[in-house]
Each structure stands twice: as structure tokens, then as C-alpha cells.
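A.B. asks: Only the shape, not the letters, is given here:
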């Protein structure tokens, strides 16, 4: 039987991308890399595309590891490629729609609210006076976040209108503000990351930092997470709300001990998580995507897969 051909979309061939390629190949598929920026629409091609490594053919499935950034036009075109591939029946994970929901923090917050899930109140406005009004009328601090940011970059805690940065420092001229729900225990701040794949929570970690920004890339440390069925259920529900089949869900407990969903990342890294959870996450990701292509592609039980452990 001809091996399934998987396209791994990635902005950089980093450790995670290489792990994904190896995982697909360990499952009996072939895998190749391409940047979305290098894939062309070509109406003269039988497929309508020019995809590096595929000539006139289409991949059997697409695994989106990371997307390269760019101009509004460029990013729109790249998402359009994913939409078009899905329209031709090629499974894409995550889908363009899920990526759009997750990369836009306001869209994520809206979807979580619409699903009735617990998440801090958020505001997303373009007028500075609206942002100032939100700060003035909210009883506690707000966190200003770049609408399309990641890894804890560019976060600012606003306690008063005077804390709002100058207009020229606001990314894209859009103010995304989220009520601050964190609480320190002594001098340490904690939140949680749960990884969801194919409708189940497969792993989780606690992140701890000396300040309120608890991203691993900002210096937080990863620690094992005690099993928590409520958090796991909420993470799975959050993934469903944004239509993601593989994502990292960030949660924390507020001052009252209630769980709050903060963000959903449709292109999560797992280096920190792998340091505290003995699972082959890339293999689970590959197996879950291949399972969408038919039962005949499931990996044999004796293939040495680390089975997901309940979070």
C-alpha cells in the first residue's frame, strides 16, 4: 500500500517540526515540510496549487505546526490556502477556521462566552476612549494584550487609565483588554496548560513564575500537574468552542478559587510540557491526525506508542 503523504506546514524546521515528521514516518506515512508562504495558488495546475514536493498532486493531509507571519494580505492568502485545501477534501489540522478563532484573542473570548464557559470579561476596541472607559469602569486591573500576540510578549497590567500606553505603542491600533484573574500564592504565580488532542485532554502542566506572566518563554518553570477532572473537561470544552482538534488551553484559579479559561493556542509548543509528562506528544498528534484518514491507518497496538494519561 502506498504510504500516506503528509504535508507539515511550518514557518521554521524547528525541533517540534522535526519531531512531527519523525512521528508521521514512525506511523508509516511519509512527511515533508513547506511554508505556507511557499505554496502558490496556480489555476493552471490540475490541483489548483503549486505545493513544494507534491508537483500536481495534493497531500493526503496537512498538519499545521506554525504559520509564518506577514502582511494582512499575506496572512489572508495563507489562510486562504488552508481553506481551499479543506474545500477540496484534504484534512487540515488545525483547520483554518480554528486557527482564525485562536490567533485572534477577541474571537477566542467571544467563542468561550458563547459556549457558556468561564473566562474573564474581555473588551476589544479600536477607539482609545473606549479602552479608557473600560479601565475606569472595571473594579480590578486589566491586562492589555496584543490581539495576535503569543508567548507572553507585550503584556501590560493596567490598574488605572494612566497606565494605558501611548497610542503609537498599541499593536495594530487594537486594544484587547482582559480582566486580570491571577492570584499570587506567597511570592509565586501559577497557571495551568492542558493539551487537548482529538477531543481529549492528553497532558497538563503547572507553570510557576516570580511574576504574573507565567509563560515558559518568559522564564516560568514547568511543574507536574495533579489530576483535575474539572480543568480537563473545561479544556476539552474550550477546544470544541474554537473548533480545534489540537491545542493548548491556558487556565488559572482566580482569587475565589474558581477556574478561568484564559487563552487557547492552536499551534502550541510542548517542550516545557514534555519535561514533566512522559508522553510522546508528537506521536499522539500524528496518530490522531492519521486516524481521520481511516481505520486502516491506525497504528498497531504493539507499535510502542505511549498511551495518553489522564490529566
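C.D. replies: Arrived safely. A quick note: this is a predicted structure, and the numbers were derived from the prediction, not measured.

A.B. asks: what's the single longest helix in this structure?
C.D. replies: helix 72-87 (DSSP state H).

A.B. asks: Would you pull up how far that helix lies from the middle of the chain?
C.D. replies: Computed by CA atoms, centre = their mean, to the nearest Å, the chain-centroid distance of helix 72-87 equals 18 Å.

A.B. asks: pLDDT (mean, whole number) over that helix?
C.D. replies: What helix 72-87 shows for mean pLDDT is 96.

A.B. asks: now for the following helix or strand past it, which elements pack on it?
C.D. replies: Toward the C-terminal end, the helix or strand that comes next after helix 72-87 (DSSP states H and E) is strand 92-93. Packing contacts for strand 92-93, counted by 3 or more CB pairs under 8 Å, 6 or more residues apart in numbering; DSSP states H and E, involve strand 61-64, helix 72-87. (Each C-beta comes from the backbone N, C-alpha and C, glycine too.)

A.B. asks: Adjacent strands (with direction) for strand 92-93?
C.D. replies: Next to strand 92-93 in the sheet, as set by DSSP bridges, lie strand 61-64 (parallel).

A.B. asks: Average pLDDT for the strand it pairs with, rounded please.
C.D. replies: Per-residue pLDDT values across strand 61-64 average out to 98.

A.B. asks: roughly how far is it from the heart of the chain?
C.D. replies: In terms of CA atoms, centre = their mean, the centre of strand 61-64 is found 14 Å from the chain centre.

A.B. asks: repeat for stretch 30-47
C.D. replies: Shown here is stretch 30-47, whose average C-alpha point lies 23 Å from the average C-alpha point of the whole chain (CA atoms, centre = their mean).

A.B. asks: Which positions in it come out as buried?
C.D. replies: By neighbour count with 16 or more other CB atoms under 10 Å, stretch 30-47 contains the buried residues 31, 33-37, 39, 47.

A.B. asks: how about the nearest residue to residue 132, chain neighbours excluded?
C.D. replies: If you skip the residues right next to it in sequence, residue 132 has residue 161 as its closest partner in space, 4.9 Å away by CB to CB, 6 or more residues apart in numbering.

A.B. asks: what about that neighbour, neighbour count?
C.D. replies: 12 (other CB atoms under 10 Å).

A.B. asks: Same question for the one 10 residues further on.
C.D. replies: The criterion is other CB under 10 Å. On that basis, residue 171 has 16 neighbouring residues.

A.B. asks: partners of the worst-scoring helix or strand of the chain on mean pLDDT in the sheet?
C.D. replies: Across the helices and strands of the chain, mean confidence by mean pLDDT, DSSP states H and E is lowest for strand 184-185: a mean of 80. According to DSSP bridges, strand 184-185 forms sheet pairs with strand 188-197 (antiparallel).

A.B. asks: so of the buried residues of stretch 30-47, which ones are in strands?
C.D. replies: Helix and strand membership here follows DSSP state E; of these, those in strands are 31, 33-34.

A.B. asks: Adding distance to residue 88, write the residues you listed out as a markdown table.
C.D. replies: Output for these, formatted as a markdown table (distance: CB to CB, whole Å):
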| residue | distance to residue 88 |
| --- | --- |
| 31 | 20 |
| 33 | 21 |
| 34 | 16 |
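
A.B. asks: Could you dump these into TSV and include pLDDT?
C.D. replies: Below are those laid out as TSV (pLDDT from 0 to 100):
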residue	pLDDT
31	97
33	97
34	97
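
A.B. asks: now, which of the residues you listed sits nearest residue 22?
C.D. replies: The nearest member of those to residue 22, counting by CB to CB, is residue 31 at 8.3 Å.

A.B. asks: wait, the closest one sits on residue 19?
C.D. replies: No - in this structure, residue 31 sits apart from residue 19 without contact. The criterion is CB atoms under 8 Å, and the distance is 10.8 Å.

A.B. asks: per-domain residue ranges of this structure.
C.D. replies: If the domains of the chain are taken from automatic domain parsing, they occupy 5-93, 105-119+181-277, 121-179, with pieces of a single domain joined by a plus sign.

A.B. asks: among those, which is nearest residue 286?
C.D. replies: Minimum separation from residue 286 across these (CB to CB) falls at domain 5-93, 3.8 Å.

A.B. asks: what's the offset of that closest one from the middle of its chain?
C.D. replies: Averaging C-alpha coordinates over domain 5-93 and over its chain gives two centres that are 17 Å apart (CA atoms, centre = their mean).

A.B. asks: Ends of it, what's the gap?
C.D. replies: Between the opening and closing residues of domain 5-93 lies a distance of 14 Å (CA to CA, to the nearest Å).

A.B. asks: Over to stretch 137-154?
C.D. replies: The first residue of stretch 137-154 is 23 Å away from its last residue (CA to CA).

A.B. asks: contact partners of it?
C.D. replies: Contacts made with stretch 137-154 from outside it, assessed by CB atoms under 8 Å, 6 or more residues apart in numbering, are listed as 103-106, 121, 123-124, 134-135, 155-159, 164-165, 171-172, 174-180, 213-215, 217-218, 265.
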